[in-house]
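Novice: Sequence first, then the predicted structure, then my questions.
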Amino acid sequence: MEIIGEIETIIYKNESNSYTIAQFETEEESFTIVGYLPFVNKGDALKLIGKFVEHKDYGRQFKIDTFEKLVPQTITAIEKYLSNGNIKGIGESIAKRITKKFGEETIYVLKNEPEKLSQVKGISEKRAQEISEEFVQNWEVWQIVGFLERFGIGAEYAKKVFDLLGKNAIEQIESNPYMLIDIARGVNFKQIDKMALDLGINYDNEKRISSGIKYGLIKSTYNGNSCVLKANLIEFVISLLDVSTENVEDGLINLRVNNEIVIEEREKQEYVYLYEFYTVESEIVFRINRLQKAKNMKKISDIEDELKKIEKVSKIKLSEKQKEAIRQINDNNVVIITGGPGTGKTTIIKNIIDIYETKGKKVVLCAPTGRAAKRMTETTGKEASTLHRLLEIGKIDDDSLYKNTSDYEGAPIDADIIIVDEMSMVDMFIMNYLLKCIYQGTKLILVGDEDQLPSVGPGSVLKDLIHSEQIETTHLDKIFRQAAKSKIVLNAHRVNNGDKFLSKEEEMSEELNEDFFFIKEIYEEKILEQVISLCTGRLKKYGNYDFFQNIQVLSPTKKGLLGTKELNKVLQQQLNPNINNLPEKASMGAIYRTRR
């Protein structure tokens, strides 16, 4: 349906993509609207197309599909538009003077006769020109929104397009629509392609072929790949664009000549990289090799004596594999320690800290996520930070392509030894940032399990480094006595080996800790009932586990009845209902509430 009205209040706006929640007023009523509204402010008149929906928590809302900004028609509407902050330097009093002076001709004067604005008290000739230019620019950006909307590209991308291309965006896009693929992550190629074809670009156009190839490579990076087999890429692009093999081969040649891609032959097969990805991989290899070959300045001469001391003090007998790992760390600048849960990785980290700090060396601990860093701190007793905080970098923008990190100089890390835990979650870009910040002679210890969670970004850094066999690696495979009593640890190793969970008979014969239960349910509703039951009483009775202190619910999906979004809502209703009018705040479809 179509409705016309005015933005009464903006409740929330995401500055990066302009997703907005606002109060909207028509002649008949006032209600909440939700959707992407770039360049919209309080007081703007809009025509909205969408539908009313019933939100589970917030009730009736109007969900926006498309919209159009309307030029204010009445003197009151014009005055409100000018005074709501759309144009810098015009407040309520000056807006009133302008509309009083020019009445219904105000819009015409602003667009076509800006010099007349200087007749208004408080506006100089220079400022009059600036006001006109700003007013015109504000309206020009709406052409971008409308232009993109015609081709099925949502308003959420309009702000990004304008920020990057400026007010001449339409002309630039018309000359090469495929540039939109480089601007916004996740844009549908077929929509862009349809735009280009509608604008008259031929099927075998060089820009079209090149963009199809780049799109295929970009799409593969979303799945964690840094490169693609050339044969598979050609097949994908032929299917995507309905062109010949020769067309794609020519496109690959053009991109290669322009340094936009790299083609590398390995084991008699050709792999295609986006240039930035190849550069980052090459930089990682170069920096690790250089670090390995640097003088071993942190080596301890009496390591065997230190191992004996540490065993005596800690009263823990180290296995031969653990001792071998510590010796490798002492003899090399770059070392990998890998193994499944319960194999003694944390014990090695604690011993390395004790040995090297006793010798006056500075040890820095870090991990890729906040949770992993917190866990590292708890198990070692020494403060650990996230890699992002350690390297002083912000969050990588998920809406844009990963860019080459060559220009990033980084903040040098003051450390003799750097230990990175949960390395399986580190992607190639973060690894490159890290290596740029390490002084020559610093020891780098990479700890992790290649069967654990992979990185969200491209690259399987830990796995590939292990398989390269170019770095000294200790593979821990013995499950220690304490861990061997844990069903969690034993079942984790069984899963990695392709075996089933422990049977009831095996559990009873081994006298294992009751820390793992497999509850088999088929239907979503039954699974949800089990989760609620466990969180609201069963685990409390079983082991005095408090939900807010000891329990975490993990789900492999965001959507659906068992997705994180719905689970959060259901668990909040069960565990923290607002029965005492506690302070709360709604944001992006969720309610944040004080704990009762």
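Specialist: Yep, it's here. Residues are numbered from 1 along each chain as shown.
Novice: What is the longest helix of the protein by residue count?
Specialist: Longest helix in the chain, counting residues (DSSP state H): helix 125-150.
Novice: hmm, who's touching the very next helix or strand once past that one?
Specialist: Sequence-wise, the next helix or strand downstream of helix 125-150 (DSSP states H and E) is helix 158-165. Outside helix 158-165, the residues that touch it by CB atoms under 8 Å, 6 or more residues apart in numbering are 17-18, 36, 38-39, 141, 144-145, 148, 169, 172-173, 180, 183-184, 399. Yep, even glycine has a C-beta here, placed from its N, CA and C like the rest.
Novice: let's see it at 6 Å
Specialist: 18, 38, 141, 144-145, 148, 169, 172, 183-184 (CB atoms under 6 Å, 6 or more residues apart in numbering).
Novice: same deal with stretch 448-464?
Specialist: For stretch 448-464, the surrounding residues in contact (CB under 6 Å, 6+ apart) are 221, 224, 226, 340, 422-429, 431, 466, 496.
Novice: show me where pLDDT drops low in the stretch 51-200 of the chain?
Specialist: 73, 84-86, 140-142, 146, 149-159, 167, 184-187 (pLDDT under 70).
Novice: Which parts of it are helices?
Specialist: 75-83, 92-102, 106-112, 125-150, 158-165, 169-175, 179-183, 189-198 (DSSP state H, counting those that start in this stretch).
Novice: What is the distance between the third one and the centre of its chain?
Specialist: Taking the mean C-alpha point of helix 106-112 and that of its whole chain, the gap between them comes to 44 Å (CA atoms, centre = their mean, to the nearest Å).
Novice: who does that helix touch, helix- and strand-wise?
Specialist: With contacts taken as 3 or more CB pairs under 6 Å, 6 or more residues apart in numbering; DSSP states H and E, helix 106-112 sits against no other helix or strand.
Novice: how about the strands of the stretch 301-450 of the chain, start to end?
Specialist: Here the stretch 301-450 of the chain has its strands, by DSSP state E, counting those that start in this stretch, at 334-339, 363-367, 384-386, 417-420, 443-448.
Novice: Can you list the strands that the second one pairs with?
Specialist: Partner strands and pairing direction for strand 363-367 (DSSP bridges) are strand 384-386 (parallel), strand 417-420 (parallel).
Novice: now the last one
Specialist: For strand 443-448, the paired strands and their directions (DSSP bridges) read strand 334-339 (parallel), strand 417-420 (parallel).
Novice: Which among the ones you listed is found nearest to residue 358?
Specialist: When the strands paired with strand 443-448 are compared by CB to CB, strand 417-420 sits nearest residue 358, at 12.6 Å.
Novice: Narrow the contacts of stretch 448-464 to those in helices?
Specialist: Per DSSP H, the subset of those in helices is 221, 428-429, 431, 466, 496.
Novice: which of those residues are buried?
Specialist: Among those, the ones that count as buried by 16 or more other CB atoms under 10 Å are 221, 428-429, 431, 466.
Novice: between those, which is nearest residue 76?
Specialist: Among these, residue 221 lies closest to residue 76 (CB to CB), at 51.9 Å.
Novice: if I look at the nearest residue to the closest one once chain neighbours are set aside, how far off is residue 479?
Specialist: With CB to CB, 6 or more residues apart in numbering as the criterion, residue 221 has its nearest non-adjacent residue at 4.7 Å, and that residue is residue 458. Distance, residue 458 to residue 479, by CB to CB, to the nearest Å: 33 Å.
Novice: hmm, back to that, hmm, which two among the buried ones among the ones in helices among the contacts of stretch 448-464 are most spread apart?
Specialist: It's 221 and 466 that sit farthest apart of these, by CB to CB, at 21.8 Å.
Novice: quick one: which helix or strand includes residue 545?
Specialist: Assigned by DSSP H and E, residue 545 falls within no helix or strand.
Novice: wait, doesn't it sit right on residue 539?
Specialist: Yes - counting by CB atoms under 6 Å, residue 539 is a contact partner of residue 545 at 4.3 Å.
Novice: So between these two, which is more surrounded?
Specialist: Between residue 545 and residue 539, residue 539 has the larger neighbour count (other CB atoms under 10 Å), namely 17 against 14.
Novice: Would you mark the buried spots in the helix or strand harbouring that one?
Specialist: Using DSSP H and E, the element containing residue 539 is helix 539-543. Residues of helix 539-543 classed as buried by neighbour count (16+ other CB under 10 Å): residue 539.
Novice: and it, what does it pack onto?
Specialist: On a contact count with 3+ CB pairs under 6 Å, 6+ apart, helix 539-543 meets no helix or strand.
Novice: Residues touching it, excluding its own?
Specialist: If you take CB under 6 Å, 6+ apart as the criterion, helix 539-543 is touched by residue 545.
Novice: again, but for stretch 364-373
Specialist: The contact list for stretch 364-373 (CB under 6 Å, 6+ apart) reads 376, 382, 384-387, 390, 415, 418-422, 425-426.
Novice: please redo it, this time with the cut-off set to 7 Å
Specialist: Outside stretch 364-373, the residues within contact range by CB atoms under 7 Å, 6 or more residues apart in numbering are 376, 380, 382, 384-387, 390, 413, 415, 418-422, 425-426, 430.
Novice: Kindly report the same for stretch 257-264.
Specialist: Contacts for stretch 257-264 (CB under 7 Å, 6+ apart): 230, 252, 255-256, 270-275, 278.
Novice: Also stretch 325-338?
Specialist: 288, 291-292, 294, 296, 299-300, 303, 307, 345, 348, 351-352, 443-450, 465-466, 471-476.
Novice: Let me know the closest of the contacts of stretch 448-464 to residue 5.
Specialist: residue 221 (42.3 Å).
Novice: Give me the distance between the closest one and residue 428.
Specialist: Counting by CB to CB, the gap from residue 221 to residue 428 is 10 Å.
Novice: Done for today, thanks.
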